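# predicted structure and sequence below. I'll ask about it afterward.
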Amino acid sequence: MAGSAPAIAPAQGASPALIWRDIARLNILCLAQSSAGVDQAVQARLCERARGLAAQGAPVPVRAVALGDPAVLAPDAVTILIHASVEPGARLLALSVRPFRNSAEQTATLFAAAPRAVDLRGGDAATDRALAAALTETLPWRARPAGARPIR
């Protein structure tokens, strides 16, 4: 492999999960669904916001990918899966974020950021806050240096 992948800086006193070892890129893959099917407009906005937040301070390139993109299966990539559910006319968006890496190693993340419910009456700011919080729990370069968070 030409060159070495950038080191992922863990939170102070912690080691990043194995899923982050030697990655060369980060993909963002979003799916926004409702009972009426895929909501393309919500999906595009969500994915672009997530890409921008994930790129802040990222030691590797970050790009949004579409379902079926072979980049998701690249062994040197981690793909952030963002799954959202919103019903037409509803005021609530359910959101989950988790990392995926196609690897033979034991890199699976069984439990990632806690799912979130976003009150859509709060506008884009409420969605951005929920996404930022989920990405902070997921991405090692966004992790807070305070160490482990209490379980409530």
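In hand now; what should we look at?

# nearest residue to the residue most central in space within the chain other than its sequence neighbours?
Centroid-nearest residue in the chain, with CA atoms, centre = their mean: I80, separated by 3.7 Å. Computed as CB to CB, 6 or more residues apart in numbering, the closest residue to I80 that is not its neighbour in sequence is I28, at 5.1 Å. Quick note: C-beta positions are derived from backbone N, CA and C, even for glycine.

# one step back: next, the residue nearest to the centre of the chain: secondary structure please.
Of the three states, I80 takes strand under DSSP: H, G, I helix; E, B strand; the rest coil.

# ok, R129 next?
Applying three-state DSSP: R129 is helix.

# same question for the one 3 residues further on.
For A132, the assignment made with three-state DSSP gives helix.

# residues touching the nearest residue to it once chain neighbours are set aside, list them.
Distance criterion CB to CB, 6+ apart; nearest residue to A132, sequence neighbours excluded, is L53 at 5.5 Å. If a contact means CB atoms under 8 Å, 6 or more residues apart in numbering, then L53 has 128, 131-132, 135 as its contacts.

# could you redo the last one with a cut-off of 7 Å?
By CB atoms under 7 Å, 6 or more residues apart in numbering, the contact set of L53 is 131-132, 135.
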